[in-house]
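Asks: kindly generate the corresponding structure for this input.
(2 chains)
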2 protein chains.
Amino acid sequence: MHIPLDRQQDVPLYLQIEEALRRAILSGVFVDGDKLPSTRTLAAELAVSRLTVDNAYAELASKGFLRQRRGSGAYVLHPGTLPAQPQPTSDASFPAERFTTLTSRLDGYPDTPLPDNIINFAAGVGSPRVFPQEEFRKILLSVLSRHAEEAFGYGEYCGYYPLRDTLGRILTAQGIPTHAEQVLITNGSQHAISLIVQSLLEPGDTVIVEEPTYAEALGLLRLHRINIVTVPSDRHGMLVEHLPALLEKHRPKLIYTIPNFHNPTGRCMSEARRRRLLALAQHAGVLILEDDFVGDLRYNGKQLPSLRAQAAPGAVLYVSTFSKMLLPSMRIGYLVADSEQYQQIARLKHVDSFTSSNLIQRALDAFVTIGRYDKQLRRAGRIYRQHRDAMITALQQHLPHGCHFETPEGGLFIWLTLPAAVDNEALMPVAWRHGVTFARGECFYAREQHGAHGLRLNFAANTPPLIEEGIARLCRAINEVIAAK
Amino acid sequence: MHIPLDRQQDVPLYLQIEEALRRAILSGVFVDGDKLPSTRTLAAELAVSRLTVDNAYAELASKGFLRQRRGSGAYVLHPGTLPAQPQPTSDASFPAERFTTLTSRLDGYPDTPLPDNIINFAAGVGSPRVFPQEEFRKILLSVLSRHAEEAFGYGEYCGYYPLRDTLGRILTAQGIPTHAEQVLITNGSQHAISLIVQSLLEPGDTVIVEEPTYAEALGLLRLHRINIVTVPSDRHGMLVEHLPALLEKHRPKLIYTIPNFHNPTGRCMSEARRRRLLALAQHAGVLILEDDFVGDLRYNGKQLPSLRAQAAPGAVLYVSTFSKMLLPSMRIGYLVADSEQYQQIARLKHVDSFTSSNLIQRALDAFVTIGRYDKQLRRAGRIYRQHRDAMITALQQHLPHGCHFETPEGGLFIWLTLPAAVDNEALMPVAWRHGVTFARGECFYAREQHGAHGLRLNFAANTPPLIEEGIARLCRAINEVIAAK
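Replies: Numbering: from 1, shown residues only, chains lettered A, B, ... in the order given. Okay, the predicted model is just below:
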């Protein structure tokens, strides 16, 4: 086997070997089940120590490209090969005593690692496998090699200007005319919402939210002692006809909404309601906060105009993130605001946490500018669409009578409604025993009990075979609870 | 010239060539003034394109290892060789209209890049040159290669546990017994202070600070409408004898102090005063926030016991950072707190910004655990001590009668006091014309005018020759202002 090694390189030899083998597997030089040379043979061939080859193989195995059998050797696992599916064990007892916090109910499991045999539909993020890690790694490396000194400094308070400019251009291309000066980089979109709440609201102020809504927004508002007033929603989003009375009665400062691929419901607000919402808010002089956390992850249907794009300057604050489509660990989100409000939020950001990581911002800018954002969007859309369709097919096949769900046109989530006879309190331990978990609807309601029959299912983060198995388990669990009534 | 190139590698060829040449220069294979082969010759030798060699040379030049003379070739610049000193230009007019914000007065220049000919003593950070970028880059690369999937996830809300554990061990070794469970990772130490202020204080609460104090803490407190009550300080820190009356009169919730290498004065609070402060705060039931942003950057004298180390549980919150000794762009700071307070702050952090960059935390943990922290601390200490001594020598040589300064035993700053006849308002434009800038004392005082005769000079961020030249310029400027009176 020929593997070119560079002993002058920074990269350790075992990683050079690992990479060469990984490329060979990915390009089809090796196929599933092929036996690799013994570590002794390969070490001799490459004139390296056996330990080096051992480490390379261990690395490959940890990445799932290799199965090592003691005494028998190392066998290629092609990434197309599915990992063994987690099997439900009959003794998986539900750790009820650990499910006491909001987080555990939202995450679908307590603060410990999730047991291997549980399929997790609770995640709030996409799949790390969709992210082009290799490409991003190369870019990060190149930023480190070429601009280390600048990338290692504080950078600008409002964010790395070229990245703000890039974001402005992407948003403009998506129909939201935006200038770099209106973009403020934050440590994730939660941070953007937090800065807005802190700088524009006071304890005791009122905010209107659609119900259900993003659990962590509710948590943030509660912690800052903001009064939360809810508007019901249906499959076309917020029921805006309730707004006039609520605006009149509660005199809110802000309306918080997720018009696209809503968290947790996956719904999109209809165009007519968007227009009505804007008109009502403008008439009442109330600010809108548009949370567009996965607005560009659309799999079918037509794009709806953003609230911000249709509003007067200063009327709509816009928040989004790279975490969902790219990587959670970037911790880079952003907000778009106008002059006065922008200055006020930027001043707070400055004293709150100075700057966001300059290194990550520069890498992100290099990654995003060179046409990769669109490519990545298409790639993520293609994969997540398959995941969504797999979940819908499985739900259609297995879902008990009395349950229903809506088909989202994008995003990460499907919202499932249980029949009146079944609630999350009863379902969750049974589902756990069957080997599946989910985000409980209660987390998304200001009055928690209103969410007792709703489940948020993440279809993006799992592969289709796991989705199918997980939905089958979930439906068996629902049937078991129904039967026990 | 033999340069081994690996065409299978991720690293572009020009960077491989650049690195090989850089190593040759650093290891003394080439010395200052050596002429490198022409791009044509080297390209032929290495069987690469001329453009590749051009790029490698450009990279070396941008890093200061090479001087390229048009038509004459490329000459090695040994890093020991000083760059040409910025020359004051007679037409450097002071852009007064841009110096309107607090930030510009603190940063010593408006929001534009600082002109090349101005020597900057205003920085709040150390020198990026002191940071082992190469080592850190390798570690980041290795984290990306080996743990990409985990490093790219959200990670834990309170921070990556091994890093919290490492920090606990470092603090314990420094005399502050700390368990991982007491460490909360934040997006820099400013963020740590911000989370504490937000979760433990209310608008209208009172905080006692020593005067002068950290400008950004004042900004944060003001923005959250906290009443600020000041205690004067002298070269042994806060004048604690004023505390009883102030505690009685203002019933503060918190005392904020920087006991080690204070920002902006560089002072350390004496041991006796530390004990008195603790006793008084405990008696009054007032919380202490100990900001130890560069506590371990000591160049001489003996280490003083931390406030937190001597206090009862729950009495002192402790905040520090990696930004000053390592890199600002990490945006990783931390706080140490006990049970109830910890939970309260952690809840806020969760809804404020979820997690801090998992990738950077993992890299930092890998960097810090393997004995590098102490090595880096010694290295930074050795270099910064030289910088401090260079500034002191220059001040002793040039400082006009009536000015005085104190010699700090560590940290980043020297505090200079002007004679009564000279204030910053008059000095700054003249200093700018002479080619030097500084952080104006007003930024560090609750009542700004009290700082009109103080200057914060950063000795860490510049090299000794620049420090010497900069101080000479500053002193000429002071003399010019005195003469004009």
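Asks: residue of the stretch 1-150 of chain A nearest chain B, please.
Replies: Here the residue of the stretch 1-150 of chain A nearest chain B is residue A:6; by Cβ to the nearest Cβ that distance is 3.7 Å. All C-beta atoms are positioned from the backbone trio N, CA, C, and that covers glycine.
Asks: need the contact list for the residue nearest to residue A:64 when sequence neighbours are not counted.
Replies: With sequence-adjacent residues excluded and distances taken as Cβ to Cβ, 6 or more residues apart in numbering or on different chains, residue A:64 is closest to residue A:77, at 6.3 Å. The contact partners of residue A:77, taken as Cβ atoms under 8 Å, 6 or more residues apart in numbering or on different chains, are A:32, A:64, A:65, A:66, A:67.
Asks: can you go through the residues you listed and name the buried ones?
Replies: Listed as buried from the contacts of residue A:77 are A:65, A:66, A:67; burial here means 16 or more other Cβ atoms under 10 Å in any protein chain shown.
Asks: where's the residue nearest to the second one when sequence neighbours are not counted relative to residue A:13, distance?
Replies: Read it as residue A:66. Across the structure, with Cβ to Cβ, 6+ apart as the measure, the residue nearest residue A:66 apart from its sequence neighbours is residue A:60 (4.1 Å). Using Cβ to Cβ, to the nearest Å, we find residue A:60 at a distance of 14 Å from residue A:13.
Asks: what about the residue of the stretch 1-150 of chain A closest to chain B, which SS state?
Replies: The three-state label given to residue A:6 by DSSP: H, G, I helix; E, B strand; the rest coil is coil.
Asks: now it. Its backbone dihedrals?
Replies: Dihedral angles of residue A:6 (phi, psi; degrees, to the nearest 10) stand at phi -120, psi 110.
Asks: same question for residue A:252.
Replies: Here is the backbone geometry of residue A:252 (degrees, to the nearest 10): phi -70, psi 160.
Asks: which residues touch it?
Replies: With the criterion set at Cβ under 8 Å, 6+ apart, residue A:252 makes contact with A:205, A:206, A:207, A:208, A:229, A:246, A:286.
Asks: so who does the closest residue to the first one other than its chain neighbours touch?
Replies: It refers to residue A:205. Nearest residue to residue A:205, sequence neighbours excluded (Cβ to Cβ, 6+ apart): residue A:253, at 4.6 Å. The neighbours of residue A:253, taking Cβ under 8 Å, 6+ apart as the test, are A:200, A:201, A:205, A:206, A:207, A:286, A:287.
Asks: distance of residue A:253 relative to residue A:317?
Replies: Using Cβ to Cβ, residue A:253 is found at 12 Å from residue A:317.
Asks: what is in contact with these two at once?
Replies: Here residue A:253 and residue A:317 have residue A:287 as joint contacts, going by Cβ under 8 Å, 6+ apart.
Asks: one step back: give me the subset of the contacts of residue A:252 lying in strands.
Replies: Among these, the members falling in strands (DSSP state E) are A:206, A:207, A:208, A:229.
Asks: near chain B, from the residues you listed?
Replies: Restricting the ones in strands among the contacts of residue A:252 to those touching chain B (Cβ under 8 Å from any Cβ of the partner chain) yields no residues.
Asks: buried ones in the longest helix that chain A contains?
Replies: Of all the segments of type helix in chain A, defined by DSSP state H, the longest one is helix A:373-398. The neighbour-count check on helix A:373-398 (16+ other Cβ under 10 Å) flags A:373, A:376, A:380-381, A:383-385, A:387-392, A:394-395, A:398 as buried.
Asks: hang on, residue A:206 packs against residue A:249?
Replies: No: in terms of Cβ atoms under 8 Å, residue A:206 does not count as a neighbour of residue A:249; the distance is 9.5 Å.
Asks: who has more neighbours, these two?
Replies: Counting neighbours by other Cβ atoms under 10 Å in any protein chain shown for residue A:206 and for residue A:249 shows that residue A:206 has the greater number, 19 against 10.
Asks: now the more buried one: how far from residue B:229?
Replies: 33 Å.
Asks: ditto for residue A:113
Replies: Residue A:113 sits 47 Å away from residue B:229, going by Cβ to Cβ.
Asks: between the two, which one's more packed in?
Replies: residue B:229 (18 against 7).
Asks: pLDDT (mean, whole number) over stretch A:231-240?
Replies: When pLDDT is averaged over stretch A:231-240, the result is 97.
Asks: next, the buried residues of it.
Replies: So stretch A:231-240, judged by 16+ other Cβ under 10 Å, has buried residues A:231, A:233, A:237, A:238, A:240.
Asks: so how far is that stretch off the chain centroid?
Replies: Averaged C-alpha coordinates place stretch A:231-240 at 23 Å from its chain's average position (Cα atoms, centre = their mean, to the nearest Å).
Asks: CA atoms only: put it into PDB for me.
Replies: C-alpha atoms of stretch A:231-240 as PDB (Å, rounded to 0.1, in the frame of the first residue of the first chain):
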ATOM      1  CA  VAL A 231     -51.900  34.300  21.100                       C
ATOM      2  CA  PRO A 232     -53.200  30.900  19.900                       C
ATOM      3  CA  SER A 233     -52.000  29.600  16.600                       C
ATOM      4  CA  ASP A 234     -53.100  27.100  14.000                       C
ATOM      5  CA  ARG A 235     -51.400  25.600  11.000                       C
ATOM      6  CA  HIS A 236     -51.100  29.000   9.300                       C
ATOM      7  CA  GLY A 237     -49.300  30.500  12.300                       C
ATOM      8  CA  MET A 238     -50.400  33.100  14.800                       C
ATOM      9  CA  LEU A 239     -54.200  33.800  14.900                       C
ATOM     10  CA  VAL A 240     -53.700  37.400  14.300                       C
END
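Asks: hmm, who's touching it?
Replies: With contact meaning Cβ under 8 Å, 6+ apart, stretch A:231-240 is reached by A:208-212, A:242-243, A:246, A:257, A:259, A:262, A:265, A:267-270, A:273, A:276-277, A:280, A:406.
Asks: what about the residues you listed, which are in helices?
Replies: A:243, A:246, A:273, A:276, A:277, A:280.
Asks: quick revisit: of residue A:60 and residue A:13, who's got more company?
Replies: A side-by-side neighbour count of residue A:60 and residue A:13, using other Cβ under 10 Å, places residue A:60 first with 23 against 19.
Asks: residues contacting that one?
Replies: Taking Cβ under 8 Å, 6+ apart as the definition, contacts of residue A:60 comprise A:18, A:21, A:22, A:25, A:66, A:74.
Asks: where does the fourth one sit: helix, strand or coil?
Replies: Remark: residue A:25 carries the secondary structure label helix [criterion: three-state DSSP].
Asks: correct me, but it touches residue A:74?
Replies: No: counting by Cβ under 8 Å, no contact exists between residue A:25 and residue A:74, whose distance comes to 11.5 Å.
Asks: ok, these two, which is more surrounded?
Replies: residue A:74 (25 against 22).
Asks: look up phi and psi at the more buried one.
Replies: On the backbone of residue A:74 - angles per degrees, to the nearest 10 - the values are phi -110, psi 130.
Asks: in the sheet, who's paired with it?
Replies: Following DSSP bridges, residue A:74 is listed with bridge partners residue A:68.
Asks: quick one: low-confidence parts of the stretch 201-350 of chain A?
Replies: Scanning the stretch 201-350 of chain A for pLDDT under 70 picks out A:323-326.
Asks: go again with 80.
Replies: Flagging of the stretch 201-350 of chain A using pLDDT under 80 yields the residue ranges A:322-330.
Asks: who in it is up against chain B?
Replies: Taking Cβ under 8 Å from any Cβ as the contact definition, the stretch 201-350 of chain A meets chain B at A:203, A:216, A:219-220, A:223, A:323, A:327-331, A:347-348, A:350.
Asks: hey, where'd the helices end up in the stretch 1-150 of chain A?
Replies: Per DSSP state H, counting those that start in this stretch, the stretch 1-150 of chain A has helices spanning A:13-26, A:39-46, A:50-62, A:102-107, A:133-146, A:148-151. These are given in chain order.
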